[in-house]
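**Q** Please work out how this folds:
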Amino acid sequence: MESVSVESKDEVLQRHRNEKKNMQCKIQSLKKSVAKGDRKRKKEVAEQIAEIEVKLNQKQFEELERLNNESVEDVFNSSLEKISLDDSTNKTSRAEKRRKKKITQLKEREATIQEHEIKNLGGARHKETQTLLQKLKNLGMSIYDIPSDGNCLYSAIVHQLKEVTGKIYTVPEIRMKTSDFLKNNKDDYIPYLSHPDTGNILTDEQFDDYCNQVANTAQWGGEVELRALSHIFNTPIKIVQAEGFDITIGIEYNDCNKPLILVFHRHMYGLGEHYNTVCLI
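**A** Presented below is the predicted three-dimensional model:
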C-alpha cells in the first residue's frame, strides 16, 4: 500500500505562494492578449481575472481552514513530546526552560502565520461568500457555481428549472422568452428602465433595442428580467444574499410552484454583481 504524502503547514504556505506567482503570470498574459481599444475583450479578460482570483483565494482559504481545524494543542503536544524525548536524559531546570521557550516560539509563529493568511483572504468577497455558505448550509444547500460570462442570471434559471421542475431549457431559449415577454408587456416594464448615459426613461426605439440585446447578446440580467421570468414560468424566484433580507420575486405564485433559488453576490467580481444557484448538500 502506497504511503500518503501529507504536507506540513510550511509546505502548504510555500505552495500557496507559488500558486499566487503562477496566477500573476497568467493574469499578465491575459492582459497582454487584449488589443488596444477592444472593449469587449477587455471586459471578458477582466471577468476571467476576477474569477481566477476568487477561485484560488477560496481554494487556499479552505486548505488553511482544514489545517487550522487540526487541534493546535496537538501540534504543541507533539512538539513537547519531541523535546521531552530529546531531553529525557537531562531533566534539569535548564531543559525545562528550553522546552517552554520552544513552545512559546511555536505558538507565536503559528499565530503570526494565521494572522497573515487571514488578512490576505479576509476581503469583502470572501466575507460575503462565507456568509452565503453558512446561510445555505442552514437550509441544507450549497452554492452551485455559474460561469461569469454575462449569462449568469439566465444560466442560473436554466439550472434551477431543471432541478426544481425537471424541465430542460437552453440559455438562448430563456433569453428569447424574456425578450418576447418584455416586448409584449412594454407598458409594465419600460418605466423601470433608463438610459445608462442620460438616466432618462427609454424611448420606444431604445426599449426595442434593449429587448433585442436581451435576446441576442450576453447582456447582464437584473431585477427587471427576474420579474419577467417569474411571470413566464408562473413561479416565485428566491434571491439569497449576504446583506439584508433574502428577496422573493413573484410571491403571487407561492401557492402554485416551488421557488427557484438563486444566490446573489454583490462583491464576487470587480466589474459588478453575479448570480450563482444552489444544490443540495
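
**Q** Assess the claim that Ile27 and Glu51 are in contact.
**A** No. Contact between Ile27 and Glu51 fails when scored by Cβ atoms under 8 Å: they sit 11.2 Å apart. Any C-beta I mention is one placed from the backbone N, CA and C, and that applies to glycine too.

**Q** any idea which helix is longest in this structure?
**A** helix 39-69 (DSSP state H).

**Q** Which strands or helices does it pack on?
**A** helix 9-32, helix 93-121, helix 124-138, strand 260-269 (3 or more Cβ pairs under 8 Å, 6 or more residues apart in numbering; DSSP states H and E).

**Q** Ile174: which element?
**A** helix 171-184 (DSSP states H and E).

**Q** And the contacts of that helix?
**A** The contact list for helix 171-184, computed with Cβ atoms under 8 Å, 6 or more residues apart in numbering, reads 151, 154-155, 157-158, 189, 208, 210-212, 214-216, 221, 224-225, 228-229, 231-232.

**Q** Render the CA-only coordinates of it in PDB, please.
**A** Extracted in PDB, the C-alpha atoms of helix 171-184 (Å, rounded to 0.1, in the frame of the first residue of the first chain):
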ATOM      1  CA  VAL A 171     -29.800  30.000 -22.300                       C
ATOM      2  CA  PRO A 172     -30.800  31.300 -25.800                       C
ATOM      3  CA  GLU A 173     -34.400  29.900 -25.200                       C
ATOM      4  CA  ILE A 174     -34.600  31.600 -21.900                       C
ATOM      5  CA  ARG A 175     -33.300  34.900 -23.300                       C
ATOM      6  CA  MET A 176     -35.800  34.800 -26.200                       C
ATOM      7  CA  LYS A 177     -38.700  34.100 -23.800                       C
ATOM      8  CA  THR A 178     -37.600  37.000 -21.600                       C
ATOM      9  CA  SER A 179     -37.200  39.400 -24.600                       C
ATOM     10  CA  ASP A 180     -40.600  38.500 -26.000                       C
ATOM     11  CA  PHE A 181     -42.300  38.900 -22.700                       C
ATOM     12  CA  LEU A 182     -40.800  42.300 -22.200                       C
ATOM     13  CA  LYS A 183     -41.900  43.400 -25.700                       C
ATOM     14  CA  ASN A 184     -45.400  42.200 -25.100                       C
END
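
**Q** Show the subsequent helix or strand relative to it.
**A** Using DSSP H and E, the next helix or strand after helix 171-184 towards the C-terminus is helix 186-189.

**Q** Quick check: buried residues in that next one?
**A** Buried residues in helix 186-189, counted by 16 or more other Cβ atoms under 10 Å: Tyr189.

**Q** start the count at 30, not 1, going forward
**A** Noted, 30 is the first residue going forward, which turns the last one into helix 215-218.
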